[in-house]
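Trainee: Following is a predicted model, sequence given first.
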Amino acid sequence: MKRKLSNKLVDSTRLNNNFFERVFEVACKIPEGRVTSYGAIAKCLGSVRSARMVGWAMNQSHFCKFYVPAHRVVNRNGLLTGKHHFENENQMQVQLLSEGIEVIDDKIINFNKYFWDPCKELI
DNA sequence: ACCATGACGTTTC
DNA sequence: CGAAACGCCATGG
């Protein structure tokens, strides 16, 4: 993400900074072996309809100072739609598998069982 | 400044 | 019940 904000973007900055940082913050709190969805995070942050931005935030999460477990965030169907954005396509699946999550055909089996709702469980 | 494009999700048809 | 439309909003051309 462009931390350096041009004068014009001040408007979107307000939301941008807060939103992105909070997304990272929440994502970091996802327990090992659990997963959540973009929409759930967006909902948790108050902007229910900004799931897309959560995805965008994840896209930029590689530039974040601290580590963000982006592989634990999938779409609402438990599909690993973001795997192409990792260095290695298999990395996402491999990491999930190593945490005990079953993944077949880029899809998480028993998604509900592993689902972690930020709102409910984050307090 | 306008248009297209997303790691999405809900609603409508 | 599947497909399409639409809302969202940062970014790049």
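Mentor: Nice, thanks for sending it over.

Trainee: Name the residues of chain A found near DNA strand B, please.
Mentor: Residues of chain A that fall close to DNA strand B, judged by CB under 7 Å from any atom of the strand: A:37-40, A:42, A:48, A:51-56, A:58-59, A:61-62, A:70-71, A:73, A:75-77, A:81-82, A:84-86, A:92. Yep, even glycine has a C-beta here, placed from its N, CA and C like the rest.

Trainee: just the buried members of those?
Mentor: For the residues of chain A next to DNA strand B, a burial check counting by 16 or more other CB atoms under 10 Å picks out A:37-40, A:42, A:51, A:53-56, A:58, A:61, A:70-71, A:73, A:82, A:86, A:92.

Trainee: Of the residues of chain A next to DNA strand B, which belong to helices?
Mentor: Mapping the residues of chain A next to DNA strand B onto helices (DSSP state H) picks out A:38-40, A:42, A:51-56, A:58-59, A:92.

Trainee: Let me have those residues in JSON lines, extended by distance to A:V26 and pLDDT.
Mentor: Putting those into JSON lines (distance: CB to CB, whole Å; pLDDT from 0 to 100) gives the following:
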{"residue": "A:Y38", "distance to A:V26": "11", "pLDDT": "96"}
{"residue": "A:G39", "distance to A:V26": "13", "pLDDT": "95"}
{"residue": "A:A40", "distance to A:V26": "9", "pLDDT": "95"}
{"residue": "A:A42", "distance to A:V26": "10", "pLDDT": "94"}
{"residue": "A:A51", "distance to A:V26": "13", "pLDDT": "93"}
{"residue": "A:R52", "distance to A:V26": "16", "pLDDT": "93"}
{"residue": "A:M53", "distance to A:V26": "13", "pLDDT": "93"}
{"residue": "A:V54", "distance to A:V26": "9", "pLDDT": "94"}
{"residue": "A:G55", "distance to A:V26": "14", "pLDDT": "94"}
{"residue": "A:W56", "distance to A:V26": "15", "pLDDT": "93"}
{"residue": "A:M58", "distance to A:V26": "11", "pLDDT": "94"}
{"residue": "A:N59", "distance to A:V26": "16", "pLDDT": "92"}
{"residue": "A:M92", "distance to A:V26": "18", "pLDDT": "95"}
